[in-house]
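Undergrad: The following comprises the amino acid sequence and a computationally predicted model.
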Amino acid sequence: MTETTQRFFESRAESIGQARQFTTEALADWGLASRAEDIRLCVSELATNALVHADDDHGFLVKIDADEEVVRLEVHDSRREHPQARQAADTDTSGRGLTLVSVLADGWGVEDRTPSGKIVWSSFKTGGTTP
């Protein structure tokens, strides 16, 4: 089984909840609920970053690929700058998103997207092998 789905979301705050719902429904349809909460939280964090740090109002794309062993979540946006996980102070009101992704996901990274923008991805084991 290899499954793929994707959806574009407008640059609006309510798109973050819509991205979570889209992800939840895809995973349920594919019978991959075992890591659903981790993946939902990661899509929320990555979608929030795409909205907060975007250079424009282009929105973002969520793409999910899954097979028997790995779910790969991607959030595509139009900003070129690569995000970095950082240590947030106790008094900071933001800055923990990529730290959460790095803890919850089995792997994550950033790739350039042609002709512009980037893809922030995370992978989640659903079987017994390394992604």
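TA: Great, that's in hand.
Undergrad: What part of the chain, helix or strand, is modelled with the least confidence?
TA: Within the chain, no helix or strand scores below helix 97-104, which has a mean of 85 by mean pLDDT, DSSP states H and E.
Undergrad: counting contacts, what elements does it pack onto?
TA: With contacts taken as 3 or more CB pairs under 8 Å, 6 or more residues apart in numbering; DSSP states H and E, helix 97-104 sits against helix 36-52, strand 107-112, strand 118-125. Glycine gets a C-beta too; all of them are placed from N, C-alpha and C.
Undergrad: what residues are up against the nearest residue to residue 2 once chain neighbours are set aside?
TA: Once flanking residues are discounted, residue 2 sits nearest to residue 67: 4.8 Å by CB to CB, 6 or more residues apart in numbering. Going by CB atoms under 8 Å, 6 or more residues apart in numbering, residue 67 touches 1, 2, 3.
Undergrad: Quick check: which of those has the minimum pLDDT.
TA: Across the set of the contacts of residue 67, residue 1 stands lowest in pLDDT, at 70.
Undergrad: where's the most centrally placed residue in the chain relative to residue 116, distance?
TA: For the chain, the residue nearest the mean C-alpha position is residue 43 (3.7 Å; CA atoms, centre = their mean). Using CB to CB, to the nearest Å, residue 43 is found at 22 Å from residue 116.
Undergrad: Repeat that for residue 41.
TA: Using CB to CB, we find residue 41 at a distance of 28 Å from residue 116.
Undergrad: Looking at those two, which is more packed in?
TA: For the pair residue 41 and residue 116, the greater number of neighbours falls to residue 41 (18 against 12), based on other CB atoms under 10 Å.
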